[in-house]
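1. Got a sequence here, can you model it:
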Amino acid sequence: MNERANDRQFRDAEATRERLLDAAEALFADNGYNAVSMRDIARRAKVNLAAAGYHFGSKENLFTESLMRQMRPLNVRRLAALTALEGRKRSPALAEVLDTFARVLIEEAVNDRESGRRLHRALSRIFAESDEIAHAVFHKEMLPAAMSFLAAIRRACPSLPVPLAGMGLALYAGCMIHMLRWTVSPPFPELRGDDEPDVEALMASLVAFGTAGFKRLAESQKKLKKRPTP
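-> Numbers count the residues shown, from 1 in each chain. Predicted coordinates for the structure are as follows:
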């Protein structure tokens, strides 16, 4: 009897936690971090304020969890794909690294539009906002994966110094985030046409764009080295 009651309590607690995350995700996306209170989130989730504090402790923790609950498992898959790519006998080309960086996220958006919209909002918030909390989420949750991909990019493009390779990765990440929006809710629908998004076509365009960008960065570096010293 006690075991059954404990199991029910656990399920109820998990359901409450998920409702809080759903409410937080929607409110933060619509109104921004500073305009939303824990009371607002509890009211939308139809739970009491004490439950919100019990499960997450603070609004900052709830914000982080609402952003990362989708991204964490995707990051695990991205890093596993990168490990497999680099475990082959042949060193991966830049295009393969860039494909691995973005493919899991684009597949998520194509396979589930609502999931893709949430993913686009979360990544836009993490990468585009300048407040301290967005920075903290990036450094804690996103930077380790980004550094693994940056190392792989430098192995594929050894002539690129770290700052330039990092800039290239930041620009490519921005392109990927815009591709997510293009997939689920394009800002200019008439430009996309009537065709349904296709993972392979989207990835081919994104990787081609990114590869060309890194190539131009490498060329600019060579030109700087050739420039005569005044």
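
2. quick one, domains of this structure?
-> 1-57, 60-226 (automatic domain parsing).

3. pLDDT of the longest one, averaged?
-> Confidence for domain 60-226, expressed as mean pLDDT, is 89.

4. roughly how far is the helix or strand where Leu105 lies from the heart of the chain?
-> Counting by DSSP states H and E, the element that carries Leu105 is helix 94-111. Helix 94-111 sits 11 Å away from the centroid of its parent chain (C-alpha atoms, centre = their mean, to the nearest Å).

5. next one: stretch 20-40
-> Worked out by C-alpha atoms, centre = their mean, stretch 20-40 lies 19 Å from the chain centre.

6. quick one: contacts of that stretch?
-> Residues outside stretch 20-40 that contact it (C-beta atoms under 8 Å, 6 or more residues apart in numbering) are 41-42, 44-45, 47, 49, 51-53, 55-56, 58-59, 62-63, 65-67, 69, 118, 121-122, 125, 131, 133-134. All C-beta spots, glycine's among them, are computed from the backbone N, C-alpha and C.

7. So for stretch 136-149, what gets flagged as buried?
-> By 16 or more other C-beta atoms under 10 Å, the buried positions in stretch 136-149 come out as Val137, Phe138, Glu141, Met142, Ala145, Ala146, Ser148, Phe149.

8. Could you give me the buried positions within stretch 105-122?
-> Quick answer for stretch 105-122 (16+ other C-beta under 10 Å): 105-110, 116-122.

9. ignore the last one, stretch 63-77
-> Phe63, Thr64, Glu65, Ser66, Leu67, Met68, Arg69, Gln70, Met71, Leu74, Asn75.

10. list the contacts for the fifth one?
-> Just to be clear, that refers to Leu67. Glu25, Phe28, Ala122, Arg125, Ile126, Val137, Glu141.

11. Relative to Leu160, how far out is it?
-> Distance of Leu67 to Leu160, computed by C-beta to C-beta, to the nearest Å: 30 Å.

12. which helix in the chain runs the most residues?
-> Counting by DSSP state H, the longest helix found in the chain is helix 2-31.

13. how far out from the middle of the chain is that one?
-> That offset, for helix 2-31, works out to 23 Å (C-alpha atoms, centre = their mean).

14. Which element is encountered next along the chain beyond that helix?
-> In N-to-C order, the element after helix 2-31 by DSSP H and E is helix 38-45.

15. What's the mean pLDDT across that following helix?
-> Helix 38-45 comes out at a mean pLDDT of 94.

16. picking that back up, using CSV, lay out the buried residues of stretch 136-149 together with secondary structure and distance to Tyr33.
-> Shown next, in CSV, are the buried residues of stretch 136-149 (DSSP: H, G, I helix; E, B strand; the rest coil; distance: C-beta to C-beta, whole Å):
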residue, secondary structure, distance to Tyr33
Val137, helix, 10
Phe138, helix, 14
Glu141, helix, 15
Met142, helix, 17
Ala145, helix, 23
Ala146, helix, 22
Ser148, helix, 28
Phe149, helix, 27
